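[1] Coordinates for the following, if possible.
(2 chains)
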Amino acid sequence: MATDKKSKLKARLPRGLADRGPGEIAATQAMIDKIRAVYELYGFEPVETPAIEYTDALGKFLPDQDRPNEGVFSFQDDDDQWLSLRYDLTAPLARHVAENFQNIALPYRSYRFGWVFRNEKPGPGRFRQFMQFDADTVGSGSAAADAEICMMAADTMEALGIPRGSYVVKVNNRKVLDGVLEAIGLGGDDNAGRRLTVLRAIDKLDRLGDEGVRLLLGEGRKDESGDFTKGAGLKDEQVDRLLTSYLRTSFRSDSPEARQSMGVSGAHSPVFNFPDETTFPDDRMTFGFWRDAVKGSDMGQLGVNELDAIAALCRAAGYGPDRVFFDASVVRGLEYYTGPVFEVELLLDTKDEKGRPVRFGSVGGGGRYDGLVSRFRGEPVPATGFSIGVSRLQAALEHLKKIDTAPKPGPVVVTVFDKTRLADYQKMVATLRGAGIRSELYLGNPKNMGNQLKYADRRKSPCVVIQGSDEKDNPAGPHVIVKDLLLGAELSKLDKDRDDYLQRQAEAQALVPEPDLVAAVRKVLDRHGVRWG
RNA sequence: GCAGCUGUAGCUCAGUUGGUUAGAGCGCCUGACUGUGGAUCAGGAGGUCGGUGGUUCGAGUCCACCCAGCUGUACCA
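    The predicted structure is shown next:
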């Protein structure tokens, strides 16, 4: 091993990956518990699959020669078969269901959480390893399955402490989008590429606004760095139809300028919602617009009918448009969704340290994927599901200070006053642990008391135990000092000179007979309400 | 991938039109107050100025290329 300075190894974390400390781990655990409780309530049961699958089971990417790790992390087994780290939890579930089809009672409701991996550029709240919490209903094509997913998503957000109105579950239907494109003359195989471009442009509505989308649908758009993105090249008339007859129904959490650009005040518009309004669009009105927009496309009509059914079920169950909102601009992944698609967005305004607005994007999404299990079975197996991006949501909640990541109190530290009496101190630790009190023996160099207290302080220990010869040889029998570090910190704040300071420190500690050790420590813990869990 | 910006001590940053031995704050380590966190005081360690080449008598500073990071954008199951 190289030990000279020149050749020492640089400790570094690959980008897009993160180490996590006790605060974050605890916060994640708390979120998982809350999400799980909601999913269980809806009748879902857990099932877990491994982080590695055969690459072909994951869906599209078969690694090609030049870029075997584009998007997914892939590698070859010793028999040359390609394996990949999973990039979501849905495809592995489809594999699991297909492989165990005989033993699973359909419709099958299941949930799971775990790390997934994507080999792409990281950003704020965006990692190359992140956690998803996923729920799926396999084997039901009913709109009720989709409606339940939407309602469950809403319930989950509220269980996580996000108040109603600060999130929205946005719903659209891939069939409607296809129908709209067909209606403006973009049907047929020869328009497939252009349809993709258009859908991608629509997906950016909430980020770029009407004008940005208009440019992307037409000639193209230049971003702030001067980079140019080629547009879909639609005719003005087609762009107008898309924007005014269809996209105007989309959810708007953006600026007043957006209202003006639409030529609508929005004050009590049936198809608009703005943050300062309490009125929401009427579903019949929205779907009326959409039926118009898909005129001539059977697929489109079918799509609107499906959404209508979902709406009816949600509204009947008391979930209004403030929770489940039908939004023309939701697109989601282009690969495998076949019908309704869902997306959960946080509506809270957030600013970074420099006061610039921060956009976390969607914190969850999903949809109907009727083709995913069928790939393995050759028979139709409808399925619908939803994933929460736990890592991104946690990043957002931390940023919003909705999650407490403050470190928990550390253990009680039993200090080593006399090196030759380690066994005695270890016994005190055992006694405390026997009483269920989190505690440890000081394991560093016990050359002086100052270092040990400094250590305990940094550990956020509520108190330390000290026993020197004065205490041990007390005429009334062996005693110990239990020193309250939290109280000591309080008392010493205002003092300046050392004698005064030491005087104050003495007030924060109690001399008690050794048999009363546990009781004295408990007293300190109770004083500060310390509970480690 | 494309574009813009940024790389100086563990961290946050200074560093003047290119000019001796590259600085500050915080942090860290040692010591004093001799059985107690903080404060104070006295010392100390720590940098091939992201890398490589070039221009120059002379480069942290100018040029080229490379690498890394940030931001935007593209892609995103």
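[2] Could you report the neighbour count for A:S492?
    A:S492 has 16 neighbouring residues, counting by other CB atoms under 10 Å. All C-beta atoms are positioned from the backbone trio N, CA, C, and that covers glycine.
[3] ok, for it, nearest residue in space, not its chain neighbours?
    The shortest distance from A:S492 to any non-neighbouring residue, by CB to CB, 6 or more residues apart in numbering, is to A:R504 (5.2 Å).
[4] swap in A:Y319?
    For A:Y319, the closest residue by CB to CB, 6+ apart turns out to be A:M151, at 5.2 Å.
[5] Not counting its neighbours along the chain, what's nearest the most centrally placed residue in chain A?
    Ranked by distance to the mean C-alpha position of chain A (CA atoms, centre = their mean), the top residue is A:V390 at 2.2 Å. Leaving aside its chain neighbours, A:V390 sits nearest to A:M131 (4.0 Å; criterion: CB to CB, 6+ apart).
[6] Okay, the one you found and A:D78: tell me how far apart.
    Noted for A:M131: a distance of 30 Å to A:D78, by CB to CB, to the nearest Å.
[7] again with A:G389
    Noted for A:G389: a distance of 34 Å to A:D78, by CB to CB.
[8] More neighbours: which of the two?
    Set side by side, A:G389 and A:D78 show more neighbours around A:G389, with 24 against 5, by other CB under 10 Å.
[9] rewinding a little: the residue nearest to A:S492 belongs to a strand?
    No - secondary structure assignment places A:R504 outside any strand; it is helix (DSSP: H, G, I helix; E, B strand; the rest coil).
[10] correct me, but it touches A:G488?
    Yes - at 7.4 Å, A:R504 and A:G488 qualify as touching, with contact defined as CB atoms under 8 Å.
[11] Please identify which of those two sits among more neighbours.
    With neighbours defined as other CB under 10 Å, A:R504 and A:G488 compare such that A:G488 has more, 21 against 17.
[12] That one is in what secondary structure piece?
    helix A:485-492 (DSSP states H and E).
[13] Against which helices or strands is that helix packed?
    Using 3 or more CB pairs under 8 Å, 6 or more residues apart in numbering; DSSP states H and E, the elements in contact with helix A:485-492 are helix A:449-458, strand A:463-466, helix A:498-507, helix A:517-528.
[14] by how many degrees do it and helix A:498-507 diverge?
    With axes from the mean of the first three to the mean of the last three CA atoms, to 10 degrees as the basis, helix A:485-492 and helix A:498-507 are set at 140 degrees to each other.
[15] now A:G303: how far from A:D327?
    For A:G303, the distance to A:D327 under the criterion CB to CB works out to 14 Å.
[16] swap that for A:P411, sorry
    50 Å.
[17] neighbour count winner among those two?
    Remark: of A:P411 and A:D327, A:D327 carries more neighbours, 26 against 19, as counted by other CB under 10 Å.
[18] Excluding chain neighbours, what is closest to that one?
    Ranked by CB to CB, 6+ apart and with sequence neighbours excluded, the top spatial neighbour of A:D327 is A:K170, at 4.0 Å.
[19] hmm, who's touching the helix or strand containing the one you found?
    Following DSSP H and E, the helix or strand that holds A:K170 is strand A:167-173. Residues outside strand A:167-173 that contact it (CB atoms under 8 Å, 6 or more residues apart in numbering) are A:150, A:153-154, A:157, A:251, A:303-304, A:306-307, A:310, A:322-331, A:339-347, A:363.
[20] And that strand, what's buried?
    Buried residues in strand A:167-173, defined by neighbour count with 16 or more other CB atoms under 10 Å: A:Y167, A:V168, A:V169, A:K170, A:V171, A:N172, A:N173.
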